[in-house]
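Peer 1: how would this look folded up:
(one chain, ligands or ions: 1)
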Amino acid sequence: MFLNHFEYFAPQAAKDALDLCDRLGAKAKILAGGTDLLNLMKDKLLKPEYLIDINNVDEFKGIFYEPGKGAVIGAATKISEIERSEIIREKYFALHQAAGELGSVQVRNMATIGGNICNASPAAETPTPLVALGAKVVISSLSGDREMPLEEFILGNGETALAEGEILTKFLLPEPISGSVSRYGYIGLRDAMEIDAVNLAVNLALGEDGRIIKQLKLVMGSVFPRPLVSEEAPEILIGKEFSAELAEEAARAASSESKPISDIRASAEYRREIVAVLSRRLLQEAFSAAQGEV
Ligand SMILES: Cc1cc2nc3c(=O)[nH]c(=O)nc-3n(C[C@H](O)[C@H](O)[C@H](O)COP(=O)(O)OP(=O)(O)OC[C@H]3O[C@@H](n4cnc5c(N)ncnc54)[C@H](O)[C@@H]3O)c2cc1C
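Peer 2: Numbers count the residues shown, from 1 in each chain. Modelled structure (predicted):
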């Protein structure tokens, strides 16, 4: 359980963090909450020579909202701050729900949203709602910033689009369109910090009549190496009046698009069934809540 010997840096400014990242390259790891990284180091799966702790860099932290534009969330923002944020609860409910389900109070007080995304676990809590909400990431280096949709950033299990010398610094969440509602749900084998067998998020918007679906994104987690966006569910539901039968059809379609594996937490067959159950449940919940919005 002993960690390898490493040199520790705690920069105070973004420029210094980026400078260290550039200079130390692949021998360094970013330390955010440490709730994934330190476990990997204790298990000797990672032996970085340098740790760059970004917790003191104010530019990487906080939640900022501008009406009409959307929200900016710093990558080093703690999951507990996201869970407690009034603006996240009001505008980006699926992310609020997912934040509240991640680990325990102690884990949420340490863990960051950037760490949850950069760790790129297929079963992680926040990627599915963030993708459903249309989040983009900002990746920074000494040569400047680049932006990309989150669904392009996560490449696979433990793999991201981050290059050497880069830090994930921000998430950009667009202003939700009028009449839209998002919901998140998961199923694990027990309710004790269990890793999700499947998680799922939907972001649904109704037209002004309060019945026709004008926008839908349904994203599945833990059934593919990265968040899986359903192509068929929107085709079935957009432009139609919501009904339990159509929701069932969309749920079955999402289930057949999923590509889960069998492992110690669940069989592939069970996971496909959960996708259908969660899809149906969250579509119905989101529809009912959206009717209250229009
Ligand atoms: C008991 C326990 C329960 C847990 N339960 C859950 C759960 O229910 N759901 C869930 O999703 N996760 C869970 N986790 C996993 C973990 O807590 C989360 O993934 C957490 O969000 C990781 O964030 P962190 O800030 O601690 O990341 P760290 O451990 O600090 O970093 C994780 C990885 O991301 C890199 N990194 C971090 N931030 C950046 C950045 N800004 N730019 C570039 N690279 C970066 C690090 O170098 C490292 O490789 C649990 C962990 C524990 C110990």
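
Peer 1: show me what contacts the closest residue to Ala197 other than its chain neighbours?
Peer 2: Leaving aside its chain neighbours, Ala197 sits nearest to Ala266 (4.0 Å; criterion: C-beta to C-beta, 6 or more residues apart in numbering). C-beta: built from backbone N, CA, C; applies to glycine. Residues counted as contacts of Ala266 (C-beta atoms under 8 Å, 6 or more residues apart in numbering) are 189, 197-198, 260, 274.

Peer 1: do Pro225 as well
Peer 2: 122, 156-157.

Peer 1: and it, what pLDDT?
Peer 2: The pLDDT attached to Pro225 in the predicted structure is 95.

Peer 1: Next, it: secondary structure please.
Peer 2: State at Pro225, reduced to three classes by DSSP: H, G, I helix; E, B strand; the rest coil: coil.

Peer 1: phi, psi of the residue nearest to it when sequence neighbours are not counted?
Peer 2: Closest residue to Pro225 apart from its sequence neighbours, by C-beta to C-beta, 6+ apart: Gly156 at 4.1 Å. Backbone torsions of Gly156, given as degrees, to the nearest 10, read phi 170, psi -170.

Peer 1: Go ahead and confirm Gly156 touches Arg226.
Peer 2: Yes - taking contacts as C-beta atoms under 8 Å, Gly156 lies within contact range of Arg226: 5.7 Å.

Peer 1: Next, show the common contact partners of those two.
Peer 2: Counting by C-beta under 8 Å, 6+ apart, the residues touching both Gly156 and Arg226 are Ala120.

Peer 1: quick one: which of the two has more around it?
Peer 2: Regarding Gly156 and Arg226, a neighbour count based on other C-beta atoms under 10 Å identifies Arg226 as having more, with 20 against 11.

Peer 1: Now this structure against the ligand: closest residue?
Peer 2: When C-beta to the nearest ligand atom is the measure, the chain has its nearest residue to the ligand at Gly115, with 2.1 Å between them.

Peer 1: can you pull the contacts of the closest residue in space to that residue that isn't next to it in sequence?
Peer 2: The shortest distance from Gly115 to any non-neighbouring residue, by C-beta to C-beta, 6+ apart, is to Ala32 (4.0 Å). Remark: with contacts taken as C-beta under 8 Å, 6+ apart, Ala32 is in contact with 54-55, 75-76, 111-112, 114-115, 118.
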